[in-house]
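# Mind folding the following:
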Amino acid sequence: MTFPEQSIPDGALYAPHHFLYALYLVLFTSARKWDIYPRKEPVVVTGSALAALFGWIHVWRYHPVAGALLCLAGALGVVVGGAVTTRYSDRWRLLVAWYGLVAFDDAISHAFGVWTPIDWAWDAALAVGRRLVVHLSPYLA
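Down below sits the predicted model:
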């Protein structure tokens, strides 16, 4: 087995991937909490999300092993950072951990080539959306 399984995830880094959207949501939720407590910002969560995005967007194409490892470590850092912090509400911690797990799911799928449940649901949702566009396109023209 080669690592990572895909040299470029799905052949397109900027295609709709739940890895990207989950980490964008992590950054949004972290930005909303940034100035609540002076000098106690969610740096671990934000830094992990940025590292994972950097690995996906800038590194994976040119150095697949380093990019995949950065993505996996960054997504795991988001989950751990959200789980261990005690400064913010349980709701925020749960959201961040969930978004991190969603990103980790996609990173595992592309790095190891294994079936993951969220990846399957994402592909099913995209297929339904494509069929809906095809069926509605005569009415939209």
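# Every contact and neighbour count from this point should use C-alpha atoms.
Will do.
# Tell me the buried residues in the host helix or strand of residue 121?
Counting by DSSP states H and E, the element that carries residue 121 is helix 117-140. Within helix 117-140, the residues scored as buried using 16 or more other CA atoms under 10 Å are 118, 119.
# low-confidence ranges in the protein?
1, 141 (pLDDT under 70).
# Can you show me the helices along it?
Ranges of helices in the chain, per DSSP state H, are 18-33, 43-54, 64-84, 90-112, 117-140.
# Among the ones you listed, which comes closest to residue 7?
helix 64-84 (5.6 Å; CA to CA).
# what's the angle between that closest one and helix 43-54?
Counting by axes from the mean of the first three to the mean of the last three CA atoms, to 10 degrees, helix 64-84 lies at 160 degrees to helix 43-54.
# buried ones in helix 64-84?
64-83.
# now that helix against helix 18-33, angle please.
Counting by the same axes, to 10 degrees, helix 64-84 lies at 40 degrees to helix 18-33.
# what's helix 64-84 packed up against?
When contacts are defined as 3 or more CA pairs under 8 Å, 6 or more residues apart in numbering; DSSP states H and E, helix 64-84 packs onto helix 43-54, helix 90-112.
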